[in-house]
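Novice: sharing a model prediction with you, sequence too.
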Amino acid sequence: MLFSVIIPVYNVERYLRACLDSLLVQSFPDWETICVNDGSTDGSLAVLEEYAARDNRIKVISQSNAGTATARNTGLRAAQGDYIFFLDSDDWIEPDSLQIIANRLHGEDILCFSGKRYIETTGEYLPADFLPEKTYARGMDYYNENALLPRDFAFVCVVLRVYNRAFLLQNGLFFDDDISYEDNLWVPKVLYYARTVSVIPDVLYLYRIREGSKMQEVSLKRKKDMLNVANRLAAFFIPKTGFEKTVVYRAITHHFQAVFRRSSSKDIKELARLCNWKDYWTVCRTKPRHFVSFLFNRIKTL
C-alpha cells in the first residue's frame, strides 16, 4: 500500500463528508485512510462509521479527546502505507492528488506540493503558492532556502507534504502532544533528519478557512505554547552541527517576536519568565540590534 491518509476528527460533522468524498473519488486506488475520532460529541463518529461501511479502505479509531497532535500520532502508529498524507477533516484534496504524487515519488523522505485556500464565508478561492520544482539532497537545504520566503501557506503547514513512514518511525518523529502549534515544532525537526526532499508545483490540497476554527484563537495559553515551541526548537537546534543555522535561528526568533508583539505588559511579565535568555535567545539572536534586544531592555523595566 502506497498511502496512509491520516485524518484527525473532532466535531466536524458539517465538513466531514466533503473530506471523505474527496478520497473516494481518487483516481489512484492504493490507499488507506485512518480516521481518528478524537472524542467528538456531534455526529462525526456516525459519519465515519457510515463511510467505513461503504469502503474497507476507511478505518476508524476512537479515543478520548486529546488534541490534533495526539490524534495524528495515533494514526501514524496504526498506518501501514509507505507514505503518510496528513489531511485535516474540514479540508479536501483534488481527485487526482494521490495519482500525481504517486507518479512523482522516487523514494524521497518528503515530497512537497501546493494548495489553495477556500474562504468559507465568501466562497472565494485564494491563489496558491507557486512552488518551483526542485530536489534537495538534505532537508535543511530545503529549509534554509524556503522557510522564510513570503508564502500564502505557513511553511510549517504539515498537510502540504507526504512523508516516508519508515523514515518517520526510524527517527521517532512523532508530534509533541502537550502544546498547540505542534506543526511549528514538528516540521523543522523532520526536515533536520530528512535526506531527500522533492518539491512539485502541483496544486493538490484545498484548505478551508472558517470562522471559529481553533487557529483563530489567541489566548495567553496559546502564547505560552508558541513560546514553548520556540524554547524547544532552540534546545533541539543549538547543539546540532554540520549545517548553516542562520535561517532556523531567525525562525525561532520570529516565534518569540510573535508572542511578545501581541501581548500586554501584564502578559509580557508572565511570558518573560518562560524564556531562557542566556542559553537560547542570546544564541538565536542574529542581529545585534534585533527586536529581542529592545524587548529585553523593556522587560527589565517592568
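Specialist: All right, it came through fine.
Novice: neighbours around Glu182, how many?
Specialist: 23 (other CB atoms under 10 Å). In short, each C-beta sits where N, CA and C put it, glycine included.
Novice: against Phe86, how distant is it?
Specialist: For Glu182, the distance to Phe86 equals 11 Å [CB to CB, to the nearest Å].
Novice: repeat for Val9
Specialist: Here the criterion is CB to CB. By it, Val9 lies 13 Å from Phe86.
Novice: same thing with Ser27?
Specialist: The gap separating Ser27 from Phe86 is 20 Å, by CB to CB.
Novice: before we move on, back to that, more neighbours: which of Val9 and Phe86?
Specialist: More crowded of Val9 and Phe86, by other CB under 10 Å: Val9, with 28 against 23.
Novice: okay, and the beta partners of the more buried one?
Specialist: Val9 has these beta-bridge partners by DSSP bridges: Asn37.
Novice: so it touches Gly39, yeah?
Specialist: No. Applying CB atoms under 8 Å, one finds Val9 not in contact with Gly39, separated by 9.5 Å.
Novice: for this structure, longest helix please?
Specialist: When every helix of the chain is counted residue by residue (DSSP state H), the longest turns out to be helix 220-237.
Novice: what residues sit buried inside that helix?
Specialist: Under the neighbour-count criterion of 16 or more other CB atoms under 10 Å, helix 220-237 has 222-234, 237 buried.
Novice: how about stretch 242-253?
Specialist: Across stretch 242-253, burial judged by 16+ other CB under 10 Å covers Lys245, Val247, Val248, Tyr249, Arg250, Ala251, Ile252, Thr253.
Novice: dump the residues you listed into TSV; add distance to Leu204, secondary structure and pLDDT as well.
Specialist: Formatted as TSV, the buried residues of stretch 242-253 follow (distance: CB to CB, whole Å; DSSP: H, G, I helix; E, B strand; the rest coil; pLDDT from 0 to 100):
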residue	distance to Leu204	secondary structure	pLDDT
Lys245	32	coil	94
Val247	26	helix	95
Val248	27	helix	95
Tyr249	32	helix	92
Arg250	29	helix	91
Ala251	25	helix	91
Ile252	30	helix	90
Thr253	32	helix	85
